[in-house]
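**Q** no sequence for this one, just the structure:
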Ligand code: HEM
């Protein structure tokens with residue numbers, strides 16, 4: 001390439017940047033902002049572990065910090081770890097702090113369900129449609145399913161321990177367990193990923209998730225306005241095949257309910273099926289405006305929302321379980337007192353297991369499956385806050401359309417100014433003494449978010465967590481693997497980089 005053209009390109013890039021920089025900065029008034037590099041902003045420094053990086057900034061700069069990311073044409077952003085500002089975003093002014101369809105467009109097929117990204121009446125309608133499936137009464141009806149999947153998990157623990165006596169990875173097991181659980185709940189059958197160490201449905205779903213993520217990254221990296229590049233990154237033929245498989249499963253379920261109106265044998269089957277999809281079609285509770293394509297998106301989104309989040313929670317819970325034997329013993333005492341060695345588990349008693357719930361919460365405090373979530377203000381809002389990190393009072397944050405505002409769970413849930421000097425310790429007792437863990441504000445502990453858009457699946461996730469913890473600790477002592485590198489793999493989620501290795505020892509052999 002001629003040298004002159006390269007030089008001209010560099011000059012244009014720098015000039016554009018110098019032109020944009022003051023505008024970006026002026027969009028984030030009253031907040032410290034780091035200098036970025038042309039066309040990349042501050043994202044490079046966040047590439048590996050954005051939340052850890054932001055937490056380091058927060059410690060010295062305060063609880064609201066500025067950044068401007070991949071795409072300098074579009075967004076100036078702030079990260080918030082101040083509970084008062086988070087309250088504005090999630091509760092008091094939640095209708096202004098929108099989710100953004102545009103931002104998640106690359107994930108449209110897997111996470112594009114309206115309940116996840118839409119705002120206003122469409123969000124309300126779809127949330128209302130799904131709400132009955134996440135209530136206690138419905139969880140109770142699903143007990144046989146939890147029991148069945150749990151039995152398979154137990155046999156996978158036994159199988160993997162026999163295969164690798166120095167330690168086996170629980171992350172993979174939970175990845176399959178949570179997929180089969182949420183698929184059973186949604187479609188009425190398990191894909192049998194657990195016993196077969198994978199399944200066609202899980203493979204298809206993961207292919208879609210991974211390719212969507214790569215599209216997201218590629219789209220983010222191309223420094224032109226988002227509206228220009230929507231079609232620049234196409235989906236592969238494997239992706240289309242995977243999508244067709246999921247669509248086929250859903251379509252067949254819908255057709256079965258329709259056929260049941262005229263077919264007595266099918267009618268009996270359908271009457272017993274309590275899955276989300278069959279219930280919605282049978283009871284005719286899908287809103288009229290939601291066509292088949294939208295409904296399919298909604299159902300796949302349930303898989304997305306309920307899979308990795310819960311699997312990551314379970315994975316890190318087992319890290320703490322193996323490394324804190326005293327806490328594990330307290331869990332065991334509670335489990336044995338409630339159910340004995342062989343008593344059948346039930347969700348009502350599990351819900352009363354205080355220590356178990358506290359253990360899960362403490363694990364989510366230090367390893368939140370959701371590290372931070374963005375919002376996109378639809379109107380200008382001015383928020384006043386006192387910063388307990390820097391000690392400054394009466395700060396003013398002016399947010400406006402065009403900005404992204406992210407509430408940062410990672411930073412907020414490990415801030416000593418909010419939690420006190422024992423913040424770094426793993427101590428479930430803090431959630432026994434106080435349901436909010438002794439934090440200075442209830443908006444400081446938001447692993448499932450808060451307010452009207454709080455996680456719909458919280459009860460389901462906690463039920464899975466309580467069920468597994470109780471069943472495992474009353475059978476086995478869980479200890480760390482002989483040799484394992486325990487690390488967080490941080491690319492926007494809370495997976496463990498090399499999984500979490502544990503060994504299980506039968507209690508009778510102690
Ligand atoms: C430990 C497990 C889980 C964690 C930590 C978690 C966390 C969250 C968070 C932080 C949000 C809010 C996102 C935002 O602010 O933009 C959310 C929303 C949501 N979650 Fe979960 N989640 C978990 C499990 C589940 C499960 C099992 C389901 C079941 C399908 C589920 C379904 C949803 C849905 C549908 C929403 C959107 C709610 C709305 O916008 O009204 N989640 N979750």
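**A** Good, I have the coordinates. Computed from a predicted model, the values in this text were never measured in an experiment.

**Q** Name the residues of stretch 99-113 that are buried.
**A** 99, 103-107, 109-113 (16 or more other C-beta atoms under 10 Å). C-betas here are computed from N, CA, C, even on glycine.

**Q** and what of stretch 134-154?
**A** Going by 16+ other C-beta under 10 Å, stretch 134-154 has these buried residues: 134, 138-139, 142-143, 145-146, 149-150, 152-154.

**Q** returning to that earlier point: which of the buried residues of stretch 99-113 fall in helices?
**A** Among the buried residues of stretch 99-113, the members found in helices (DSSP state H) are 109-111.

**Q** With adjacent residues omitted, what lies nearest to the residue of the chain found nearest the ligand?
**A** Closest approach between the chain and the ligand, counting by C-beta to the nearest ligand atom: residue 457, at 2.0 Å. The shortest distance from residue 457 to any non-neighbouring residue, by C-beta to C-beta, 6 or more residues apart in numbering, is to residue 306 (5.1 Å).

**Q** so which strand or helix has that neighbour?
**A** helix 292-323 (DSSP states H and E).

**Q** I'd like the next helix or strand past that helix.
**A** Assigned by DSSP H and E, the successor of helix 292-323 is helix 325-339.

**Q** Output the contacting helices and strands for that next one.
**A** helix 292-323, helix 347-351, helix 354-366, helix 458-473, strand 476-480 (3 or more C-beta pairs under 8 Å, 6 or more residues apart in numbering; DSSP states H and E).

**Q** now the first one: mean pLDDT?
**A** Read that as helix 292-323. For helix 292-323, mean pLDDT rounds to 96.

**Q** Let's see which of the buried residues of stretch 134-154 end up in helices.
**A** The helices, defined by DSSP H, take in 138-139, 143, 145-146, 149-150, 152-154 from the buried residues of stretch 134-154.

**Q** Make a markdown table from those and add pLDDT and distance to residue 321 to it.
**A** Shown next, in a markdown table, are those (pLDDT from 0 to 100; distance: C-beta to C-beta, whole Å):
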| residue | pLDDT | distance to residue 321 |
| --- | --- | --- |
| 138 | 97 | 28 |
| 139 | 96 | 23 |
| 143 | 97 | 24 |
| 145 | 97 | 24 |
| 146 | 97 | 19 |
| 149 | 98 | 19 |
| 150 | 97 | 16 |
| 152 | 98 | 20 |
| 153 | 98 | 15 |
| 154 | 98 | 15 |
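
**Q** Which ones among the ones in helices among the buried residues of stretch 99-113 also lie next to the ligand?
**A** Among these, no residue is within reach of the ligand (C-beta under 6 Å from any ligand atom).

**Q** May I see the buried residues of stretch 134-154 organised as JSON lines, with distance to the ligand added?
**A** Shown next, in JSON lines, are these (distance: C-beta to the nearest ligand atom, whole Å):
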{"residue": "134", "distance to the ligand": "7"}
{"residue": "138", "distance to the ligand": "12"}
{"residue": "139", "distance to the ligand": "11"}
{"residue": "142", "distance to the ligand": "12"}
{"residue": "143", "distance to the ligand": "16"}
{"residue": "145", "distance to the ligand": "14"}
{"residue": "146", "distance to the ligand": "13"}
{"residue": "149", "distance to the ligand": "13"}
{"residue": "150", "distance to the ligand": "16"}
{"residue": "152", "distance to the ligand": "18"}
{"residue": "153", "distance to the ligand": "16"}
{"residue": "154", "distance to the ligand": "21"}
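
**Q** Can you tell me the closest non-neighbouring residue to the residue most central in space within the chain?
**A** The C-alpha lying nearest the average C-alpha coordinate of the chain belongs to residue 309 (C-alpha atoms, centre = their mean; 3.9 Å). Excluding the flanking residues, the one nearest residue 309 by C-beta to C-beta, 6+ apart is residue 369, at 4.4 Å.
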